[in-house]
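Trainee: sharing a model prediction with you, sequence too.
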Amino acid sequence: MKVFQKLVLVILGIFMLGTAYAATDAAPTQKKEKAIEYLFIETAQTGDMQKDTTQDNTYIITLKNVDPWVTYFSNVPERITGFMPLQDFVQLLARETQTKYQAGLNSGLIAFANAKEKTGKMSRYILSIKQPEFDPATQTLILKAHIVPGAQKDPIPKEVDFHHISLFIDSICASCAGDNF
C-alpha cells in the first residue's frame with residue numbers, strides 16, 4: 001500500500017511541477033484560451049496630486065522618477081508574473097481606457113504625503129485612472145484620476161506632495177476580446 005501512495009505522490013508532484021513550469025513560461029503577450037486578467041504595479045520616487053479645477057472629483061497625478069518597468073501578475077488561478085516597459089504599459093492603459101474601460105481603471109495609490117524629509121504620514125487613495133502621458137526624457141508619468149465615491153475615508157486636499165509611491169492598477173484582461181498585450 002505504501003508503494004501505491006508514493007507512486008500517487010510522485011505523479012502528483014510531476015503534474016504540479018509541469019503546471020508551475022507552464023505558468024512561469026507564459027508572458028502577457030501570448031494568447032491564451034482562458035480570459036486572463038493582469039494586475040500592475042508602478043513605483044515612483046516623488047510626485048504630487050492636484051485638484052483639476054475644470055472637473056468635479058478629478059485630480060491630476062504626476063509621478064516623477066518613475067521606475068521604467070511595470071511589474072505585472074495575473075489574477076488567480078493563473079500564476080504569471082513579469083515586467084513590462086513603462087512605455088508599453090502607458091500605450092496599453094491609454095488604449096484600454098479609450099475603449100473598454102472609459103471610466104478609467106480602478107487603482108490604489110499609497111505614498112508618504114506632505115513630508116519635507118523622508119518620513120511622513122502614509123496616505124492611501126482609491127482612484128480610477130486614465131489618460132496616461134509618459135515623458136521618458138524626464139521619467140515623468142501624468143494620469144487623470146477620479147476618486148472612487150465612498151471608498152475614500154479621509155478628505156482629499158486640493159494639492160498633496162508624495163514620496164515613495166506605489167500605484168496599483170487593477171485588472172486588464174489581455175485575452176477577453178482576442179487582444180493580447
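Mentor: Great, that's in hand.
Trainee: helices or strands next to the host helix or strand of Gln91 in the packing?
Mentor: For Gln91, the element it lies in under DSSP states H and E is helix 86-98. In terms of contacts (3 or more Cβ pairs under 8 Å, 6 or more residues apart in numbering; DSSP states H and E), helix 86-98 is packed against strand 37-51, strand 69-74, strand 105-113, strand 121-135, strand 159-173. C-beta coordinates here come from the backbone N, C-alpha and C atoms, glycine included.
Trainee: turn those strands into TSV, including mean neighbour count.
Mentor: Listed next are the helices and strands packed on helix 86-98 as TSV, based on neighbours: other Cβ atoms under 10 Å:
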stretch	mean neighbour count
strand 37-51	19
strand 69-74	19
strand 105-113	20
strand 121-135	17
strand 159-173	19
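Trainee: poorly predicted segments of the chain, please.
Mentor: 1-34, 115-119, 154-155, 172-181 (pLDDT under 70).
Trainee: Gln139 is in contact with Thr62, isn't it?
Mentor: No. Taking contacts as Cβ atoms under 8 Å, Gln139 lies outside contact range of Thr62: 11.4 Å.
Trainee: nearest to Gln152, out of the helices and strands packed on helix 86-98?
Mentor: Closest approach to Gln152 among the helices and strands packed on helix 86-98 (Cβ to Cβ): strand 121-135, 5.8 Å.
Trainee: partners of the closest one, with directions?
Mentor: strand 105-113 (antiparallel), strand 140-147 (antiparallel) (DSSP bridges).
Trainee: dump the ones you listed to TSV, plus distance to Lys51.
Mentor: Output for the strands paired with strand 121-135, formatted as TSV (distance: least, Cβ to Cβ, whole Å):
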stretch	distance to Lys51
strand 105-113	15
strand 140-147	10
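Trainee: looking at the ones you listed, which is closest to Leu93?
Mentor: Taking Cβ to Cβ, strand 105-113 is the member of the strands paired with strand 121-135 nearest to Leu93, at 6.8 Å.
Trainee: who's in contact with Asp170?
Mentor: 39, 105-107 (Cβ atoms under 8 Å, 6 or more residues apart in numbering).
Trainee: can I get those in CSV including distance to Gln55?
Mentor: Converted to CSV, the contacts of Asp170 look like this (distance: Cβ to Cβ, whole Å):
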residue, distance to Gln55
Leu39, 27
Leu105, 18
Asn106, 19
Ser107, 18
